[in-house]
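Participant: structure of the sequence below:
(one chain, ligands or ions: 2)
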Amino acid sequence: KKRELILAFESSCDETSVAVIEDGNKILSNVVATQVKSHKRFGGVVPEVASRHHIEQVTLCLADAMEEAKVTYNDLSAVAVTYGPGLVGALLVGVASAKVVAYAHNLPLIPVNHMAGHIYAARFKSEIKFPAIALLVSGGHTELVYMARENSYQIIGETRDDAAGEAYDKIGRVLGLKYPAGKNIDEMAHEGADTFAFPRAMMKEENFDFSFSGLKSAFINTVHHAEQVNEKLNVNDLAASFQQSVVDVLVYKTERALNDFSVKQLILAGGVAANQGLRDGLDELIGKYSGIELLKAPLNLCGDNAAMIGAAGFVAWKNGESADLSLNADPSLEF
Ligand code: KG4
Ligand code: ZN
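Facilitator: Ligands and ions are numbered 1, 2, ... in the order given. Model (predicted):
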């Protein structure tokens, strides 16, 4: 049986990545060039700087990914690419690159939603079984997605304001931490205790939506107040209290979704899926459900990468999806 190889591009934010994926679930290569260092001094991703880095990196990543996978363009079945959501200038670099390869080698071009990609990072752990619910938590999104079947995505709940990762990064700035602060705060949280009793938003609302801006404000007010009265706060306790509030809300709304929808799997994915507190919280939650399996994206594939785009692209391609050379970046793409 012929192996199906997908070449995938990801450039929606601050990582340039190119991967070669076999049969939708084996990574032959997954080259990631991160720009984090260039954005650190600005405390966040500067779109124009990101675009320029992508342009410099993408051909190098492509060459490395092909070499590492030990394949030629003739071996490929299709080219997959993230076309949204994300930064428009950044997305355009991946989209243009994928078009070039597809056109030059007469290969189908498969457009992939970045968030579908995040979900399919879990595919490298094990098979996805439907129906499923995905808790998608990243720097730009926080949403619960119902998947009735393969290649079908329905948002059932989402954040009304900040994404979870965005809240981590913003409070990280207040603590003087470098961008992105999520991992750092996660580590600090494990050295502290939940002593500050920060708010848990929207717990009483009968929906699957989230809100993190109130928590962020409560956190910032606490820190600023302490500065004014010259009181020294335990930063590990601050981190632990913030994290516990985020995890409590994410777990609670996920529990509501599991009670309302009959599913076989709960998938955890997105950059914040690397959070140890959240992983532990969902392990505990899933213990209450004998028939539902928790499928967590592998730690090394939670952040942005092209392997996950190749896995989602493989499924889209099998379902007959493709684009022509008029494909454009869509910065506010939704499911
Ligand atoms: O998915 P991702 O790599 O990029 C987007 O598509 O947004 O997610 C990046 C986000 C950042 O906000 C970062 O602070 C957060 O994921 N993050 C974490 C952890 N690791 C990364 N947040 C909490 N705990 C972590 N361990
Ligand atoms: Zn992402």
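
Participant: going forward, measure contacts between C-alpha atoms and count neighbours the same way
Facilitator: Will do.

Participant: tell me which parts of the stretch 151-300 of the chain are close to ligand 1?
Facilitator: Contact residues (CA under 6 Å from any ligand atom) of the stretch 151-300 of the chain with ligand 1: 165-166, 168-169, 180-183, 186, 270-272, 274-275.

Participant: just the residues you listed now: which is nearest residue 73?
Facilitator: Nearest to residue 73 among those: residue 270, at 30.0 Å, using CA to CA.

Participant: please list all residues in contact with that closest one.
Facilitator: 115, 118, 119, 136, 137, 138, 297, 302, 303, 304 (CA atoms under 8 Å, 6 or more residues apart in numbering).

Participant: helices or strands up against the strand or helix carrying residue 119?
Facilitator: When elements are assigned from DSSP states H and E, residue 119 belongs to helix 114-120. Here helix 114-120 touches strand 78-84, strand 132-137, strand 265-269, helix 306-318, going by 3 or more CA pairs under 8 Å, 6 or more residues apart in numbering; DSSP states H and E.

Participant: what residues of that helix count as buried?
Facilitator: Across helix 114-120, burial judged by 16 or more other CA atoms under 10 Å covers 114, 115, 116, 117, 118, 119, 120.

Participant: dump the helices and strands packed on helix 114-120 into JSON lines; add mean pLDDT and mean neighbour count as well.
Facilitator: Shown next, in JSON lines, are those (pLDDT from 0 to 100; neighbours: other CA atoms under 10 Å):
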{"stretch": "strand 78-84", "mean pLDDT": "98", "mean neighbour count": "30"}
{"stretch": "strand 132-137", "mean pLDDT": "98", "mean neighbour count": "26"}
{"stretch": "strand 265-269", "mean pLDDT": "98", "mean neighbour count": "26"}
{"stretch": "helix 306-318", "mean pLDDT": "98", "mean neighbour count": "29"}
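
Participant: as CSV, these with distance to residue 43 would be great.
Facilitator: Converted to CSV, the helices and strands packed on helix 114-120 look like this (distance: least, CA to CA, whole Å):
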stretch, distance to residue 43
strand 78-84, 23
strand 132-137, 20
strand 265-269, 24
helix 306-318, 25
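
Participant: nearest to residue 71, out of those?
Facilitator: Smallest distance to residue 71 across these (CA to CA): 13.2 Å, for strand 78-84.

Participant: give me the contacts around that closest one.
Facilitator: Counting by CA under 8 Å, 6+ apart, 5-12, 91-92, 94-95, 98, 101-102, 107-114, 309-310, 313-314, 317, 328-333 sit against strand 78-84.

Participant: figure out how far it is from the centre of its chain.
Facilitator: 16 Å (CA atoms, centre = their mean, to the nearest Å).

Participant: likewise for stretch 198-211?
Facilitator: On CA atoms, centre = their mean, the centre of stretch 198-211 falls 21 Å from that of its chain.

Participant: tell me the mean pLDDT for that stretch?
Facilitator: For stretch 198-211, mean pLDDT is 94.

Participant: now the end-to-end length of that stretch.
Facilitator: Taking CA to CA, to the nearest Å, stretch 198-211 runs 13 Å from one end to the other.

Participant: in that stretch, what's buried?
Facilitator: 198, 199, 200, 201, 203, 208, 209, 210, 211.

Participant: closest one of the residues you listed to residue 222?
Facilitator: When the buried residues of stretch 198-211 are compared against residue 222 (criterion: CA to CA), the nearest one is residue 198, at 9.5 Å.
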